[in-house]
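Q: this one's structure only:
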Ligand SMILES: Cc1cc2nc3c(=O)[nH]c(=O)nc-3n(C[C@H](O)[C@H](O)[C@H](O)COP(=O)(O)OP(=O)(O)OC[C@H]3O[C@@H](n4cnc5c(N)ncnc54)[C@H](O)[C@@H]3O)c2cc1C
């Protein structure tokens, strides 16, 4: 067992940290206030090859491992968790399904532009009546000649309104199995397909730099070849995609918590009350120590899930553990960070107040904390 990162991972962390501090930090407060999707920054991430980091080089990706991917997300979230979420959704939910199950033609057509950052991707699982219970979706896709005809609604879809948004992988019901249960399949719907409508951006508590929209499909026709993988494999595919997404969300939690730790430590050393720095009060030291312990543990389980994934070993339980732990650590780190900053922590200009709003989504998106605990319990020996 080796807890040291290799040279490549250290170099990647340095590259992303430099980028985030130079290009993202100066606009993070502004995009949080305006809710504008940071198109320029996303374009630059694409130019650096970071939007296709874990995809194969032959399809325009960086050929990097899952640990590299976790480091990328961690470093983005350390500065702007909304941007981190956009990148996570693009890679884990938009591109990864194509990489896993796409035909060579689908990969040429869609994975290459996604990996090169010329196109943003997304996934449409959640519906107004079906979130945690994905089996309850009612969006249908029926074959009519050589076309799928899709009808239904999806909600809270990340990246769907980004300027370069190119496709959404839509989980649909495509029929009934012999045992009477629903048959699910994922179908690729390109932007601009007639009958596919995207709502105005949803207004959110936090993560304002990430784009969130609702989608509606009304007799939306796409070619039969847009089926992703096997017909009937959709539910299993969705669960597999979520496993990867979960350690991605965990990595966002690690990065956000790390930022809370660093900013709070700095503030506690500078701010004086009762004639001495806050850091000299043991109660503040203990708060910082607790954040530090939790960040370290969250990072370890997140990296473990990433490494298990890249080694092709089972990692569902570890991904769920990483997600539930790192996201709850992030919520606590942001709350304690605001507390350490006192009244200033509550001001919009203080980054801690943004992290406090941003952190909560991490316990909800891609499977709530409750759902993660159900997954973990099912995997207990
Ligand atoms: C900012 C944002 C971005 C998102 N991006 C995407 C995206 O790109 N694509 C996409 O498809 N979806 C996306 N989502 C949706 C997200 O994945 C769902 O919100 C999430 O899975 C929870 O589903 P729900 O909101 O329907 O909550 P519900 O399932 O209604 O759950 C409500 C509460 O009940 C609890 N609960 C539910 N079932 C049980 C149970 N059996 N036992 C105990 N407790 C239970 C939940 O844990 C939760 O606390 C996004 C959501 C947000 C907020």
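A: Received the coordinates, thanks. Treat the numbers as computed from the prediction; the structure is a model and nothing was measured. Numbers count the residues shown, from 1 in each chain.
Q: how far out from the middle of the chain is stretch 215-230?
A: 24 Å (CA atoms, centre = their mean, to the nearest Å).
Q: Then stretch 125-134?
A: Taking the mean C-alpha point of stretch 125-134 and that of its whole chain, the gap between them comes to 17 Å (CA atoms, centre = their mean).
Q: before we move on, what about stretch 67-81?
A: With CA atoms, centre = their mean, you get 10 Å for stretch 67-81.
Q: again, but for stretch 283-303
A: Stretch 283-303 has its C-alpha centroid displaced from the chain centroid by 22 Å (CA atoms, centre = their mean).
Q: any residues touching it, and which ones?
A: Residues outside stretch 283-303 that contact it (CB atoms under 8 Å, 6 or more residues apart in numbering) are 3, 67, 70, 74, 247, 250-251, 253-254, 257-258, 260-261, 264-265, 268, 278-279, 318, 321-322, 325-326, 329-330, 332-333, 336-337, 339-340. C-beta coordinates here come from the backbone N, C-alpha and C atoms, glycine included.
Q: Weed out the non-buried ones from those.
A: If you count burial by 16 or more other CB atoms under 10 Å, the buried members of these come out as 67, 70, 74, 247, 250-251, 253-254, 257-258, 260-261, 264-265, 268, 278-279, 318, 321-322, 325-326, 329-330, 332-333, 336-337, 340.
Q: got the contact list for residue 113?
A: For residue 113, the contacting residues are 60, 119, 166, by CB under 8 Å, 6+ apart.
Q: Tabulate those (JSON lines), appending pLDDT.
A: Rendered in JSON lines, the data for those read as follows (pLDDT from 0 to 100):
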{"residue": "60", "pLDDT": "97"}
{"residue": "119", "pLDDT": "97"}
{"residue": "166", "pLDDT": "97"}
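Q: Can you pick out the ones from the residues you listed that are in strands?
A: Judged by DSSP state E, the contacts of residue 113 include residue 166 as members of strands.
Q: quick one: which of the contacts of residue 113 is most hemmed in?
A: With neighbours defined as other CB atoms under 10 Å, the most crowded of the contacts of residue 113 is residue 119; it has 23 neighbours.
Q: What backbone torsions are found at that one?
A: The phi and psi torsions at residue 119 (degrees, to the nearest 10) take the values phi -140, psi 140.
Q: residue contacts, the most centrally placed residue in the chain?
A: With distances taken as CA atoms, centre = their mean, the chain has residue 88 as the residue nearest its mean C-alpha position (3.4 Å). Residue 88 makes contact with 73, 245, 248, 249, 251, 252, according to CB under 8 Å, 6+ apart.
Q: what's the burial count for residue 97?
A: Burial of residue 97 is recorded as 24 neighbouring residues (other CB under 10 Å).
Q: Pretty sure residue 228 is one of the things it touches, is it not?
A: Yes - here residue 97 lies in contact with residue 228, judged by CB atoms under 8 Å, at a distance of 5.9 Å.
Q: and for those two, which residues touch both?
A: The contact lists of residue 97 and residue 228 share 169, 186, 237, where a contact means CB under 8 Å, 6+ apart.
Q: what's the neighbour count on the residue in the chain that the ligand sits nearest to?
A: The chain approaches the ligand most closely through residue 131 (1.7 Å), counting by CB to the nearest ligand atom. Other residues near residue 131 number 18, with proximity taken as other CB under 10 Å.
Q: Looking at it now. What's its pLDDT?
A: With respect to pLDDT, residue 131 has a value of 97.
Q: and it, backbone torsions?
A: Dihedral angles for residue 131 - degrees, to the nearest 10 - are phi -120, psi -90.
Q: next one: the one 4 residues further on
A: Main-chain torsions, residue 135, degrees, to the nearest 10: phi -60, psi -20.
Q: So which bits of the chain are right by the ligand?
A: 89, 93, 122-126, 131-132, 156-158, 204, 207, 212, 361, 364-368, 370-371 (CB under 6 Å from any ligand atom).
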